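Visitor: Requesting a structural model of the entry that follows:
(one chain, ligands or ions: 3)
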Amino acid sequence: MVTTHNLGFPRIGAQRELKFALEAYWNGKSGLDALRDTGRRLRKTHWAGQQGLDLLPVGDFSFYDQVLDMSFTLGNLPERVRDFRGDPLDNYFRVARGRSASHGDCGCGHGVQAGEMTKWFDTNYHYIVPEFSASTSFSLDASRLLEQLDEARALGIPAKPVILGPVSYLFVGKSKDGSSRLDLLPRLLPVYAELLDALASRGVEWVQIDEPALVTELDPGWAQAYAAAYQALNTGKVKILLATYFGQLLENLPLACALPVQGLHIDAVNGAADIEPAIAALPRDTVLSLGVVNGRNIWKTDLNRVLDLLEPIHARLGDRLWIAPSCSLLHVPVDLNSETALDGDIRSWLAFALQKLDEIKLLARALDGGRAALRAELQANQAAIASRRNSPRVNKPQVKAALASIDAALGRRQSPYPLRAEKQAGLLKLPAFPTTTIGSFPQTAEIRQARLRFRKGELDLAAYKEAMRAEIALAVREQEVLGLDVLVHGEPERNDMVEYFGEQLEGYAFTQYGWVQSYGSRCVKPPILFGDITRPQAMTVEWITYAQTLTQKPMKGMLTGPVTILNWSFVRDDQPRSVSCLQLALAIRQEVLDLEKAGVRIIQIDEAALREGLPLRKSQWSDYLGWAVESFRIAANGVRDETQIHTHMCYSEFNDIMPSIADMDADVITIETSRSDMELLDAFDSFNYPNEIGPGVYDIHSPNIPTQEHISDLMRKAGRRIPAERLWVNPDCGLKTRAWSEVIPALKNMVAAARALREA
Ligand SMILES: CN1c2c(nc(N)[nH]c2=O)NC[C@@H]1CNc1ccc(C(=O)N[C@@H](CCC(=O)N[C@@H](CCC(=O)N[C@@H](CCC(=O)O)C(=O)O)C(=O)O)C(=O)O)cc1
Ligand SMILES: N[C@@H](CCS)C(=O)O
Ligand SMILES: [Zn+2]
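Guide: Ligands and ions are numbered 1, 2, ... in the order given. As a prediction, this is how the structure comes out:
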């Protein structure tokens with residue numbers, strides 16, 4: 001019999017129940033007991049949804065982040081929260097979200113800096129970075145995992161506890177004092193061994209230990225750490241399923257297959273080439289778990305094709321073959337059945353988390369009992385796969401023709417930057433150190449409510465537009481009073497910077513409840529890029545031109561770039577990502593040209609996700625960067641010299657991609673730098689980056705109001721790296737998650753700092 005299992009389930013809830021419970025607790029509207037109750041209810045619902053699999057994940061539920069959970073399990077709390085006397089869950093939220101100095105709920109009288117957040121491998125999920133130093137020590141707190149295990153047992157769930165493995169835990173963390181994280185391994189392993197003992201004493205047979213670092217290019221020290229780690233954990237008390245995902249093991253395959261574990265899970269979607277070498281290399285009694293259903297996408301699996309692959313493997317491995325999704329289902333929405341408004345054709349092509357698990361169960365039944373018994377199910381699946389493949393909504397000859405006619409000239413500006421800069425300066429007449437913001441202003445409850453009422457039909461289109469225009473007018477008024485130099489319309493009409501464009505482009509579908517956790521309680525609803533892309537009509541011109549009528553100051557047109565739209569969507573798996581990206585580039589190019597035609601003189605094209613699209617392996621970077629940068633250039637560079645193109649990137653280290661950033665040739669780039677104390681600018685300095693830069697001068701992720709001195713200090717640091725005449729002054733990123741009461745004083749200080757700089 002084939003064993004079926006799951007690596008992890010989305011925990012936010014099909015209706016985002018966890019989000020609402022968390023926010024109610026954080027806002028003081030409910031207590032800890034109610035929050036814990038919601039957690040228990042969600043776990044029960046999620047296990048019930050996974051019934052029928054042989055092993056279900058336990059410990060994959062998290063109130064904020066699974067990596068932060070692991071830090072607490074291992075007793076690796078940052079020094080700054082160790083003296084907390086309240087409930088441990090409150091302390092956990094203090095690390096996750098930080099606390100301002102005025103909170104006064106724990107008697108400590110000081111603020112707490114939040115843990116740093118960064119992207120989880122190549123996903124749009126953010127985790128809280130573990131902090132290490134030479135003196136880091138570990139001590140076990142297994143309470144969370146053991147409680148969830150007891151809960152699962154009481155419900156009769158066949159439990160497989162899930163933990164992040166020791167090497168990946170160190171790998172995804174950061175040393176605060178420059179010491180080597182690997183030196184901590186000998187101190188860390190006894191705590192892991194103790195945890196495995198605790199699970200064994202509760203009668204656990206299998207533990208899933210996640211080691212995604214194994215799909216990256218490892219330095220020799222990290223590779224060697226694996227052998228030491230798993231030697232120490234191979235106590236014989238529990239069986240270990242070592243789970244790798246998000247890519248191919250490639251050169252790490254011999255290492256992974258030689259580890260003394262009882263099972264190895266590999267990503268058979270993104271690392272299909274690993275399957276045969278793994279079968280050859282694994283000891284004859286080791287389980288091989290194949291992740292054959294894509295956990296990163298929402299397409300129905302071609303079951304016959306997977307059975308063609310699995311049947312001969314099953315014949316060779318017998319019971320040693322396990323099947324599962326390729327990775328945790330954290331990265332897909334919960335249930336396609338909630339999507340009552342989706343077009344029938346498209347709906348028939350999709351599978352969300354619950355449907356993916358049904359696919360796993362079906363595959364196991366077909367392997368164990370033969371395909372004949374499942375003829376109807378397999379035929380229905382085949383029909384859906386064929387309908388998608390042959391749909392005229394997917395394949396549009398005119399889009400293919402437009403793509404075929406792309407030539408290098410399309411991505412080139414008319415003149416080089418110095419000439420353009422001169423023309424733009426003559427027209428825009430901006431002061432030195434021009435001030436601007438990144439695009440969004442607070443997405444208030446009123447804005448979200450208005451959109452909800454519009455969706456429900458309680459507000460008609462005219463009234464909705466009027467409400468959004470009023471928000472734009474408010475944002476423009478505030479910016480005028482603040483004295484900013486280049487204004488934005490504030491993006492009130494956008495539910496999200498990617499979904500908004502997905503909703504308007506043909507070739508895209510969007511969902512009602514397709515929520516995926518981005519960080520903590522924040523979610524996104526990635527739109528579904530299913531077909532060749534066209535832009536039926538202008539998407540932003542009406543809003544931007546309206547905003548421009550309200551001010552004499554230049555109004556920035558605001559767009560999301562093709563690479564970011566691609567990276568934050570669910571995209572086609574039937575053509576290379578590069579092709580979808582170029583199609584998006586042509587659509588955004590039309591929008592850019594329409595904005596220019598409408599008199600917009602500055603256009604910002606956000607590429608926040610350019611860096612996160614980098615393949616996990618450096619050897620594949622140049623291919624990606626080649627088509628990603630070309631896509632941006634095609635989108636942006638059709639404009640006249642006089643039109644100023646901005647781009648914006650957050651979450652980015654630039655050192656290793658500087659030539660590509662320069663190649664984009666934006667007139668101005670605004671970047672996130674404040675948290676690195678302007679050190680990120682070193683990359684621009686040493687590369688002699690030729691165009692203008694707006695290094696973010698305050699961290700919009702924090703509720704703290706930056707002082708004028710702090711901003712001036714950062715600008716002085718920026719001035720040591722970049723010539724003053726090429727510097728802009730702006731926050732790190734958009735202000736949509738902040739309140740106006742935070743935004744106004746912060747921007748006041750920013751404008752004052754810029755004015756002081758000009759005078760100096
Ligand atoms: C810059 N970031 C983004 C990423 N990915 C994206 N696709 N978009 C991004 O902006 N990745 C990296 C970062 C991640 N950062 C964030 C920051 C903030 C959020 C966030 O606030 N998400 C919202 C959901 C946004 C949304 O789509 N809202 C819709 C629906 C509003 C809604 O839920 N309405 C309620 C009722 C209204 C109410 O009472 O509030 C309802 O329908 O029930 C909209 O505006 O129409 C979130 O709430 O999580 C995400 C990523
Ligand atoms: N224009 C967007 C960029 C976010 S990365 C915003 O301001 O929210
Ligand atoms: Zn940003």
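Visitor: Give me the mean pLDDT for stretch 455-468.
Guide: Throughout stretch 455-468, pLDDT has a mean value of 98.
Visitor: buried set for it?
Guide: If you call a residue buried by 16 or more other CB atoms under 10 Å, then stretch 455-468 has these buried ones: 459, 464-465, 467-468. All C-beta atoms are positioned from the backbone trio N, CA, C, and that covers glycine.
Visitor: Also stretch 334-351?
Guide: By 16+ other CB under 10 Å, the buried positions in stretch 334-351 come out as 334-336, 338-339, 342, 346-351.
Visitor: All the helices of the stretch 201-350 of the chain, in order from the start?
Guide: With DSSP state H, counting those that start in this stretch as the criterion, the stretch 201-350 of the chain has helices at 220-233, 253-258, 275-281, 303-317, 344-347.
Visitor: And those helices: which comes nearest ligand 2?
Guide: For ligand 2, the closest of those is helix 344-347, at 27.8 Å, according to CB to the nearest ligand atom.
Visitor: Can you name the secondary structure element that comes next after the closest one?
Guide: With elements assigned by DSSP states H and E, the helix or strand that comes after helix 344-347 is helix 353-369.
Visitor: which stretch of helix or strand covers residue 22?
Guide: helix 17-26.
Visitor: Identify each buried residue in that helix, please.
Guide: Across helix 17-26, burial judged by 16+ other CB under 10 Å covers 17-22, 24-25.
Visitor: Of these, which is the nearest to residue 419?
Guide: Nearest to residue 419 out of these is residue 19 (CB to CB; 49.7 Å).
Visitor: Please convert the helices of the stretch 201-350 of the chain to CSV, extending it with mean pLDDT.
Guide: Listed next are the helices of the stretch 201-350 of the chain as CSV, based on pLDDT from 0 to 100:
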stretch, mean pLDDT
helix 220-233, 98
helix 253-258, 98
helix 275-281, 98
helix 303-317, 98
helix 344-347, 96
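Visitor: measure stretch 384-401 end to end?
Guide: 27 Å (CA to CA, to the nearest Å).
Visitor: quick one: average pLDDT of that stretch?
Guide: Mean predicted confidence for stretch 384-401 is 97.
Visitor: from memory residue 674 sits against residue 698, does it?
Guide: Yes: using CB atoms under 8 Å, residue 674 is in contact with residue 698, at 5.3 Å.
Visitor: got any residues that touch both of the two?
Guide: 706, 714, 732 (CB atoms under 8 Å, 6 or more residues apart in numbering).
Visitor: Okay, residue 465 and residue 302: tell me how far apart.
Guide: Going from residue 465 to residue 302 by CB to CB, to the nearest Å gives 43 Å.
Visitor: Regarding the most centrally placed residue in the chain, what is its secondary structure?
Guide: With distances taken as CA atoms, centre = their mean, residue 124 lies nearest the centre of the chain, 1.0 Å away. Three-state call for residue 124 (DSSP: H, G, I helix; E, B strand; the rest coil): coil.
Visitor: How about it: what's its closest non-neighbour residue?
Guide: Nearest non-adjacent residue to residue 124, counting by CB to CB, 6 or more residues apart in numbering: residue 568, 5.7 Å away.
Visitor: Check that neighbour and give its pLDDT.
Guide: On pLDDT, residue 568 comes in at 98.
Visitor: do the same with the one 3 residues further on
Guide: pLDDT recorded at residue 571 is 98.
Visitor: How about residue 675?
Guide: Reading off the confidence values, residue 675 has pLDDT 74.
Visitor: can you check residue 103 too?
Guide: Residue 103 is given a pLDDT of 53.
Visitor: and what of residue 651?
Guide: 71.
Visitor: Same check on the one 4 residues further on?
Guide: According to the per-residue confidence, residue 655 scores 86 in pLDDT.
Visitor: ditto for the one 5 residues further on
Guide: At residue 660, the model reports a pLDDT of 97.
Visitor: Quick check on the residue nearest to the centre of the chain: phi, psi?
Guide: As for residue 124, its main-chain torsions (degrees, to the nearest 10) stand at phi -100, psi 20.
Visitor: ok, it to residue 387 distance?
Guide: 29 Å.
Visitor: what's the answer for residue 650, then?
Guide: 39 Å.
Visitor: And those two? Which one has more around it.
Guide: residue 650 (21 against 14; other CB atoms under 10 Å).
Visitor: Please look at the more buried one and residue 733 and confirm they touch.
Guide: Yes: taking contacts as CB under 8 Å, residue 650 lies within contact range of residue 733: 4.4 Å.
Visitor: shared neighbours of the two, anything?
Guide: Shared contacts of residue 650 and residue 733, counting by CB under 8 Å, 6+ apart, come down to 608, 672, 696.
Visitor: of these, closest to ligand 2?
Guide: residue 608 (3.7 Å).
Visitor: Any idea how far the helix holding residue 22 is from the middle of the chain?
Guide: Average the C-alpha atoms of helix 17-26, do the same for its chain, and the two points are 21 Å apart (CA atoms, centre = their mean, to the nearest Å).
Visitor: got the angle between the next helix or strand after it and helix 353-369?
Guide: Past helix 17-26, further along toward the C-terminus, the next helix or strand under DSSP H and E is helix 32-50. For helix 32-50 against helix 353-369, the angle by axes from the mean of the first three to the mean of the last three CA atoms, to 10 degrees is 30 degrees.
Visitor: Would you check that residue 532 makes contact with residue 584?
Guide: No: using CB under 8 Å, residue 532 is not in contact with residue 584; the gap is 10.6 Å.
Visitor: Those two: who's more crowded?
Guide: residue 584 (30 against 23).
Visitor: what separates that one from ligand 2, distance-wise?
Guide: 17 Å (CB to the nearest ligand atom, to the nearest Å).
Visitor: Same check on residue 520?
Guide: Counting by CB to the nearest ligand atom, the gap from residue 520 to ligand 2 is 17 Å.
Visitor: Just the element for the closest residue to that residue other than its chain neighbours, please.
Guide: Closest residue to residue 520 apart from its sequence neighbours, by CB to CB, 6+ apart: residue 64 at 5.1 Å. Residue 64 is part of no helix or strand when elements are defined by DSSP H and E.
Visitor: Pull the contacting residues for residue 64.
Guide: Residue 64 neighbours (CB under 8 Å, 6+ apart): 22, 92-93, 96, 128, 520.
Visitor: Could you dump the residues you listed into a markdown table with secondary structure added?
Guide: Output for the contacts of residue 64, formatted as a markdown table (three-state DSSP):
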| residue | secondary structure |
| --- | --- |
| 22 | helix |
| 92 | helix |
| 93 | helix |
| 96 | helix |
| 128 | strand |
| 520 | coil |
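Visitor: Narrow those to those that are buried.
Guide: Buried among the contacts of residue 64 by 16+ other CB under 10 Å: 22, 92-93, 96, 128, 520.
Visitor: closest to residue 446 among these?
Guide: Using CB to CB, residue 22 comes nearest to residue 446 of the buried ones among the contacts of residue 64, at 21.4 Å.
Visitor: Model confidence for the residue nearest to residue 116 when sequence neighbours are not counted, exactly?
Guide: Leaving aside its chain neighbours, residue 116 sits nearest to residue 129 (4.4 Å; criterion: CB to CB, 6+ apart). Residue 129 is assigned 96 on the pLDDT scale.
Visitor: Residue 129 and residue 179: what is the separation?
Guide: Counting by CB to CB - residue 129 and residue 179 are separated by 16 Å.
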